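Visitor: quick one, what's the 3D model for this:
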Amino acid sequence: MLQSIITAVTTLLIVVAILFLTYIFTKYVGTKMSVGRYAGGSSRYIRVMDQTLLGQESSVALVNISGRVFLLGITGQNVNLLTELRDDELTELSAPENANYAGAAFKDVIERLKDRKK
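Guide: Have a look, this model is predicted:
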């Protein structure tokens with residue numbers, strides 16, 4: 001009987017440790033490996049300002065290269081220059097009130113789920 005309780009507690013501790021390490025890893029990867037305004041990338045001359053998915057294998061990205069801003073269309077096979085934009089042509093969009101969880105930090109998603117349960 002005591003052996004089965006010890007096994008159950010040990011298993012529970014291992015599961016909690018795995019979940020904690022997963023949270024820490026996700027937080028690290030989310031902040032260090034993101035593109036654009038979240039991490040800035042590791043390039044000294046090129047910066048992805050923003051990127052959004054349009055479909056399963058397609059997206060558009062705003063890329064800043066030496067002060068010039070380019071809008072790129074990205075698919076699984078190609079990257080195409082769509083247009084060059086001036087800074088005065090860029091307008092930051094406000095997030096909709098019923099924004100989905102895409103791009104949200106892991107911690108924010110968990111907080112929203114907790115609040116929804118209450």
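Visitor: how about the CA coordinates for stretch 43-59, as CSV?
Guide: Output in CSV follows, covering the C-alpha atoms of stretch 43-59 (Å, rounded to 0.1, in the frame of the first residue of the first chain):
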residue,chain,number,x,y,z
SER,A,43,20.3,40.1,-38.1
ARG,A,44,22.2,43.4,-37.9
TYR,A,45,20.8,44.8,-41.2
ILE,A,46,17.4,43.2,-41.7
ARG,A,47,14.4,43.3,-39.3
VAL,A,48,11.0,41.6,-39.7
MET,A,49,8.7,44.3,-38.4
ASP,A,50,5.5,42.3,-38.5
GLN,A,51,4.2,39.1,-40.1
THR,A,52,0.8,37.6,-40.4
LEU,A,53,-0.4,34.2,-41.7
LEU,A,54,-2.9,34.2,-44.6
GLY,A,55,-3.2,30.5,-45.0
GLN,A,56,-1.5,27.2,-44.2
GLU,A,57,1.7,28.0,-46.2
SER,A,58,1.3,31.7,-47.0
SER,A,59,1.9,34.9,-45.1
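Visitor: could I get the buried residue list for that stretch?
Guide: Neighbour counts over stretch 43-59 (16 or more other Cβ atoms under 10 Å) mark 47-51 as buried. (Glycine included, C-beta is placed from N, CA and C.)
Visitor: can you give the distance of it from its chain's centre?
Guide: Computed by Cα atoms, centre = their mean, to the nearest Å, the chain-centroid distance of stretch 43-59 equals 11 Å.
Visitor: in the chain, which spans are helices?
Guide: Assigned by DSSP state H, the helices in the chain fall at 2-32, 106-117.
Visitor: now the shortest one against helix 2-32, angle please.
Guide: Okay, so that is helix 106-117. If you take axes from the mean of the first three to the mean of the last three Cα atoms, to 10 degrees, helix 106-117 sits at 120 degrees to helix 2-32.
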